[in-house]
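Participant: just need the structure, nothing else, for what follows:
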Amino acid sequence: MIKIAPSILSADFAHLGDEVAEIKKAGADYVHFDVMDGQFVPNISIGIPVLKSLRKATDMFIDVHLMIDRPLRYVEQFCSAGADLLNVHVEADCEENIRSAIEKVRSLGKKTGVTLKPKTPADALIPYLGMVDLVLIMTVEPGFGGQRFMHDQLPKIAEVRRMLDLSCPGCELEVDGGVDAVTAKLVKEAGANVLVAGSAVFGKADRQAAVSAIRNA
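Facilitator: Model prediction:
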C-alpha cells in the first residue's frame with residue numbers, strides 16, 4: 001500500500017492546524033514533521049513546542065524526522081510531545097548511541113525509523129535492521145525544502161528494498177526529497193511505499209488532486 005506523507009515544512013505555519021486538516025481531508029496518510037537544529041543540517045526549523053501544539057490539533061499519524069545532532073538527547077521529549085514515529089539519522093552519532101536512541105523510542109511504545117543521507121551507502125543500515133519500523137532514504141541533501149530529486153539515489157532505494165525484503169519485509173521504505181507526480185513513479189518502481197512530498201502537495205491549490213496524483217503515479 002502506498003502512503004503519502006506531506007511535509008509541513010512547505011505548509012503555511014500561520015494556519016498549520018488548518019493545513020494539516022486539509023491534507024487529512026485530501027487523503028494523506030502521515031504528517032511528515034521535519035526537525036532541523038542548524039548543526040546536523042545547515043538550517044533551523046521547528047521543534048517540541050510546535051509538535052505539542054500540532055498533536056492537539058490532529059489525530060493523524062505524525063512521522064517525526066529528526067535532522068539533529070546526537071538525537072538520543074531529545075527522543076524521549078519528542079515522543080512525549082506526540083510523535084507516532086521517530087526517525088533518526090545514522091550519521092548523527094556513533095552506532096551505539098543511535099541504537100540506544102532507537103531502543104528508547106521503542107521502550108516508549110512509539111514506532112522507530114532510521115534515515116540515510118544521499119552519500120551514505122545502503123549497508124550503513126545493517127546494524128539497525130530488525131530494530132526499526134521504517135527506513136527513510138533522502139533523495140536531496142537534508143536541510144532545505146524545494147530541492148531537485150536526485151535520480152542517482154534510485155539504485156540505493158532498490159538495494160534497500162531488497163535488504164528489507166530479506167530481513168524485515170514488514171519494514172516500510174520512505175523516500176523524501178523532490179517527490180512529485182513524476183518522480184513518485186520512479187521511487188515506487190524502486191520499492192518505496194511511503195512518499196514524502198512538500199511543495200508538491202502544500203504548493204497546490206487542490207491538495208486532494210495533488211495527493212491522488214502522487215499516490216497513483
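
Participant: rest of the way, CA atoms for contacts and neighbours
Facilitator: Fine.

Participant: tell me what the helix or strand of the chain with the lowest mean pLDDT is packed against?
Facilitator: Ranking every helix and strand in the chain by mean pLDDT, DSSP states H and E puts helix 199-202 at the bottom, with a mean of 94. Using 3 or more Cα pairs under 8 Å, 6 or more residues apart in numbering; DSSP states H and E, the elements in contact with helix 199-202 are helix 207-215.

Participant: what does the helix it packs on rub up against?
Facilitator: 2-4, 22-23, 25-28, 180-182, 184-185, 200-201, 204 (Cα atoms under 8 Å, 6 or more residues apart in numbering).

Participant: if we use 10 Å, what do you get?
Facilitator: Residues outside helix 207-215 that contact it (Cα atoms under 10 Å, 6 or more residues apart in numbering): 1-6, 19, 22-29, 179-185, 188, 193-197, 199-204, 217.

Participant: narrow those residues to those in strands?
Facilitator: 3, 4, 5, 6, 194, 195, 196, 197 (DSSP state E).

Participant: please convert the buried members of these into PyMOL selection syntax.
Facilitator: This is how PyMOL selects the buried members of the ones in strands among the contacts of helix 207-215, with burial counted by 16 or more other Cα atoms under 10 Å:
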select buried, resi 3+4+5+6+194+195+196+197
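
Participant: dump the ones in strands among the contacts of helix 207-215 to a markdown table, plus distance to residue 129.
Facilitator: Converted to a markdown table, the ones in strands among the contacts of helix 207-215 look like this (distance: Cα to Cα, whole Å):
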| residue | distance to residue 129 |
| --- | --- |
| 3 | 21 |
| 4 | 23 |
| 5 | 22 |
| 6 | 26 |
| 194 | 18 |
| 195 | 20 |
| 196 | 22 |
| 197 | 25 |
